[in-house]
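Student: got a predicted structure plus its sequence, pasted below:
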Amino acid sequence: MTTLIHERVSLAQRGQNQTVIGRMASGWAVLGDAQFPRGYCLLLPDPVVGSINALEGAARAQFLSDMVAIGDALLALTGAYRIKALAGEASEACRLDADPDICTLRRSRHLYFALTSMRPAGRARATLAS
């Protein structure tokens with residue numbers, strides 16, 4: 001199966017992917033097509049795998065280490081409060097997304113509401129996170 005991630009990695013290998021930030025040991029650091037929030041990046045594994053669980057041992061550790069390095073760079077460049085890293089596998093190809101959290105109040109508390117269809121009567125579940 002060829003996905004957008006397969007296509008982007010192939011373009012990066014040929015030097016034709018305009019979103020490439022650089023080559024990492026485990027793949028390609030690229031800018032997200034949409035830059036909201038500013039600094040949104042992805043790590044595309046090379047070779048492409050279906051999920052992070054398909055990576056074993058040292059390859060998995062390197063992929064996660066590369067993502068942390070991207071996050072560290074984003075923190076330094078954007079002044080974000082934190083970097084949220086998400087593993088994405090919706091398209092049958094693994095990627096990690098680095099999403100700068102543009103929260104400006106370090107000590108603020110945020111109330112998150114998560115509606116879950118599995119809860120009785122469609123109740124909302126609220127969790128408090130700092």
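Tutor: The structure has been received and is ready for your questions.

Student: give me the element Gly71 is part of.
Tutor: helix 57-78 (DSSP states H and E).

Student: which other helices and strands contact that helix?
Tutor: Contact here means 3 or more CB pairs under 8 Å, 6 or more residues apart in numbering; DSSP states H and E; on that basis helix 57-78 packs against strand 27-31, strand 41-45, strand 82-88, strand 95-101. Any C-beta I mention is one placed from the backbone N, CA and C, and that applies to glycine too.

Student: repeat that for 6 Å
Tutor: strand 41-45, strand 82-88, strand 95-101 (3 or more CB pairs under 6 Å, 6 or more residues apart in numbering; DSSP states H and E).

Student: looking at those strands, which is buried most?
Tutor: Each of those was scored by mean neighbour count; the highest is strand 41-45, a mean of 24, by mean count of other CB atoms under 10 Å.

Student: give me the contacts around it.
Tutor: 5, 8-9, 26-32, 66-67, 70, 94-98 (CB atoms under 6 Å, 6 or more residues apart in numbering).
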